[in-house]
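> Output the structure for:
(2 chains)
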Number of protein chains: 2
Amino acid sequence: MVSNGTLKEIGEALFAAKSVILFPHENPDGDALGSCIALCTALREKGIDCWVLIDEPLSDYLAFMDPSGPAGNPCCTVDSECIGDPEICVYIDCCGEDRIPGREEVFRKGTKSICIDHHGTSEATGDLYYIDSEEAATTQIVFQLLKDCGTLWNRKIANAIYTGISTDTGNFQYSNANARTHRIAAELLEIGVDHNDIMVSLYQNVDFRETKLESAALGQVEFFAGGQAAMASVSQKLLQDTGSQMEHAENLINRLRDIKGVEVGIVLKETKTGNVKASFRAKSWANVGNVAKDLGGGGHVKASGCTLHDTDLETAKRLVMKRVEEELSQ
Amino acid sequence: MVSNGTLKEIGEALFAAKSVILFPHENPDGDALGSCIALCTALREKGIDCWVLIDEPLSDYLAFMDPSGPAGNPCCTVDSECIGDPEICVYIDCCGEDRIPGREEVFRKGTKSICIDHHGTSEATGDLYYIDSEEAATTQIVFQLLKDCGTLWNRKIANAIYTGISTDTGNFQYSNANARTHRIAAELLEIGVDHNDIMVSLYQNVDFRETKLESAALGQVEFFAGGQAAMASVSQKLLQDTGSQMEHAENLINRLRDIKGVEVGIVLKETKTGNVKASFRAKSWANVGNVAKDLGGGGHVKASGCTLHDTDLETAKRLVMKRVEEELSQ
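Below you'll find the model as predicted:
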C-alpha cells in the first residue's frame, strides 16, 4: 500500500472542493466506472460540480451503469469542457497521464491532483495518492472512503460499487475476493442494491452475436505447452463472417482459461489499424502480468494485456507463444 | 419456514446418535453434497458412525468434494450396507422417499428420521424437520446448525459449505444470494476455504468436449415467444457427433438464459431409454417452477425440470413450447 494521506483526508479534500473531474483509465471497465460514478454521485449530493470525463461513449454492456434521459442525470461525459477550471482532478483506478491518453491536457488544468487506485503496477502520482493493491477493486477503496466520510448512501452509489466489485472479482470467483469483499457486498445488499438487474445486465445479457463469435473462435483454438495454454484469434475476417464486432470477443478469454488443464488463456485481436492486441488470463499459478510487461503491456498477475504494434496475427502468435511457453516452463 | 424443532435441537439429536446415514436427493448437486459432507465430517469428528448414501458415483465435476485414497477418508458411498442398523436417517436437500429412489428401504431402517431442506416444494416429513425456503442453499442451514451446536470448524467442512452455497447461488449471481449469504461466505473464507481450488474445480475446469457440445447445440437454438424463450436440444446423435456425453450438457441451460432478451432458457435431453428430460431457467420474472410442475416435475421459481416419458424430441418440443408460451404470455 502506497499513500500520503488517509482515505478520510482524501475524502475531506474532495468534499471541500467546488469542482472535481474524475478520470478513469481508457476503455474503462466496471470497476473504473463504478468507482467514478459512486464518487461523482456522492459529491454531487453535496452540491459539488463533478463529472466523470471519459474518452469515448461507454461500452454497451456498461451503459446501464450511467443511464441518460430526463431522470438519468448521467455522471459520464466526453466533453472536455465540462468544467472550465476544475479545482481537483482525480485519477481513478489508474495513476499517471499515460492511462488517460487524449485527456492529459484537461487533467493538468486541475489546481490539485489526486490518485485512487488498486493496481500494484501504479506509481505514486498526484498531490494526494492512495494505491492499495491488496484491495480487490478500486470500488472497495471508494466504499471505504465514502464510509470514512460519513456519506449518506443511496441506491445509485451502492449499485455502482457493487458493479465494480462484481466485475473486478469475476463476481466473487477470483482469488482477490476475500472476506472483506463479501462483507462489503453484504452491506451494499442491505442498503438496497438492484442485484438482479445488475447481474442480468452484466452476465445474463449476452448478445447472440457474441455467442456466435465465441463458438466460431473456440472451434479454432490452438493448444500448446502440453495443453497448459489455449490461444484463440479474432481476425477482422472472423468478425465479418459471424456478423459480430470486436466488443463481442470480450469474454472469450475467460472461456479459454476455463478449459480443463489450461493454465493460461490467450486471445489475439487483429485491429483495423495493423496492430494486434493480446489478452492473457492465468488460472492458478502463472504470472501473466510479467508476460504482458515483457511485451510492452501491463496488468495484474492473473489478468493482463498488451498491444503489439505494426504486426499481423501469425507473427504475433509466434511471439506470444514463445513468451508464454517460457513462463509456463518456469 | 416449516419446522417442528430448532436447528440446535436437530443438531443435538444428531450429535447424540451412535450412527447416522445422510440421504441427498438423486443425482446430487453441489448443495446436496456439500450439506451432507459438511454434516458427515462434523459428526465423524465426534466419533459418530456416519455415511452419505448416494445412488451412483459422484459426477466428475463434483468428485473433488469428497476425495478418496489413503488421505481422503471419503464420506460418500453407494454401499447400502454401510451401516447395518442406522439410528438416524436424514433427508438432506430433499424430503420424502420419492427423492431417494432405490434407497427407500435403507432409509426405513432408521429408528428416527430427520429432514433438512430449503426447497419450498418439500412437505414436512420425518420425526424432526426443518425446511426453510428463505435460505439460498441447504448448506446455509447446515452452517447455522453446526454453528448453533458449537462445532469446531475445519477446512473440509468449510469447503463443503462454501461449495454448496456457490453452486446453488450461481456463485452469488442469483437473486437468492443475499446479505446473509455473503456474511456466511466471509466467515467461511476466514476459517480458510480453499477458494481458488473450489472455483477452479467448479467453474474453470470445463471439459473441452463440453465446449464443443455447447457450441454445436448453440448453433441450432430455436427462439420463440418473440425471442423471450430459447430452446436447445441434445440428442443422442449430437453427443456422438461431438464425442461428448450428456453430463457435458449440464451448463448449456445457463448459456441460453444468459442470451440478451431471453427470459426462459430450455434444454431438452434425449435419454437412451426413450424419455426426454426438460430443464428450465428463468432470468427475471417468469415462474418456471409452475411450468415444470404442470409437466410432472418440480423445482424452484427460476430453475426447474421434468421428465417426459416415452416420447421423442419433436413431440416434447411442441409440448414444452406450448406450456412456456402460456407462461410468458401471462
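> so where's the stretch 51-200 of chain A shaky on pLDDT?
A:69-71 (pLDDT under 70).
> Which residues are in contact with residue A:156?
By Cβ atoms under 8 Å, 6 or more residues apart in numbering or on different chains, residue A:156 lies in contact with A:37, A:38, A:41. Every C-beta, even on glycine, is put in place using the N, C-alpha and C of the backbone.
> ok but the second one is inside a strand, no?
No - the assignment for residue A:38, made by DSSP: H, G, I helix; E, B strand; the rest coil, is helix rather than a strand.
> give me the number of residues near it?
A total of 31 residues lie near residue A:38 under the criterion other Cβ atoms under 10 Å in any protein chain shown.
> Residue A:184 too?
23.
> contacting residues for it?
Neighbouring residues of residue A:184 by Cβ under 8 Å, 6+ apart: A:140, A:143, A:161, A:165.
> Surely it is in a helix?
Yes - according to three-state DSSP, residue A:184 belongs to a helix.
> circling back to that earlier point, JSON lines for the contacts of residue A:156, including distance to chain B?
Listed next are the contacts of residue A:156 as JSON lines, based on distance: Cβ to the nearest Cβ, whole Å:
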{"residue": "A:37", "distance to chain B": "21"}
{"residue": "A:38", "distance to chain B": "19"}
{"residue": "A:41", "distance to chain B": "22"}
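> Can you lay out those as TSV showing pLDDT?
As requested, the contacts of residue A:156 are exported to TSV (pLDDT from 0 to 100):
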residue	pLDDT
A:37	98
A:38	98
A:41	97
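> tell me the contacts of residue A:244?
A:207, A:209, A:210, A:212, A:213.
> Kindly report the same for residue A:247.
Per Cβ under 8 Å, 6+ apart, neighbours of residue A:247: A:59, A:60, A:61.
> My guess is residue A:51 contacts residue A:21. True?
Yes - using Cβ atoms under 8 Å, residue A:51 makes contact with residue A:21 at a distance of 5.5 Å.
> just the contacts of residue A:156 now: which is nearest residue A:134?
Nearest to residue A:134 out of these is residue A:38 (Cβ to Cβ; 19.7 Å).
> isn't the closest one right next to residue A:144, touching?
No - with contact defined as Cβ under 8 Å, residue A:38 does not count as touching residue A:144 (11.5 Å).
> Let me know the outermost residue of chain A.
residue A:226 (31.2 Å; Cα atoms, centre = their mean).
> what's the helix or strand for that one?
Using DSSP states H and E, residue A:226 is not contained in any helix or strand.
> what's the spacing between it and residue A:329?
Separation of residue A:226 from residue A:329 (Cβ to Cβ, to the nearest Å) stands at 10 Å.
> What of residue A:196?
Applying Cβ to Cβ to residue A:196 and residue A:329 gives a distance of 45 Å.
> Between these two, point out the one with more neighbours.
Between residue A:196 and residue A:329, residue A:196 has the larger neighbour count (other Cβ under 10 Å), namely 16 against 9.
> The more buried one looks like it's in a helix, true?
Yes - checked against three-state DSSP, residue A:196 lies within a helix.
> check contacts around it.
B:175, B:284.
> Could you export the contacts of residue A:184 as TSV, including distance to residue B:135, secondary structure and neighbour count?
Putting these into TSV (distance: Cβ to Cβ, whole Å; DSSP: H, G, I helix; E, B strand; the rest coil; neighbours: other Cβ atoms under 10 Å in any protein chain shown) gives the following:
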residue	distance to residue B:135	secondary structure	neighbour count
A:140	27	helix	26
A:143	27	helix	29
A:161	26	helix	30
A:165	23	helix	28
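> And these, which is closest to chain B?
residue A:165 (10.5 Å; Cβ to the nearest Cβ).
> Tell me which residues touch that closest one, please.
A:31, A:34, A:136, A:137, A:139, A:140, A:181, A:184, A:185, A:188.
> Could you single out the nearest of these to residue B:303?
Once Cβ to Cβ is applied, the member of the contacts of residue A:165 that ends up nearest residue B:303 is residue A:185, at 21.9 Å.
> what's the nearest residue to that closest one if we skip its chain neighbours?
Excluding its sequence neighbours, the residue lying closest to residue A:185 (Cβ to Cβ, 6 or more residues apart in numbering or on different chains) is residue B:182, at 4.5 Å.
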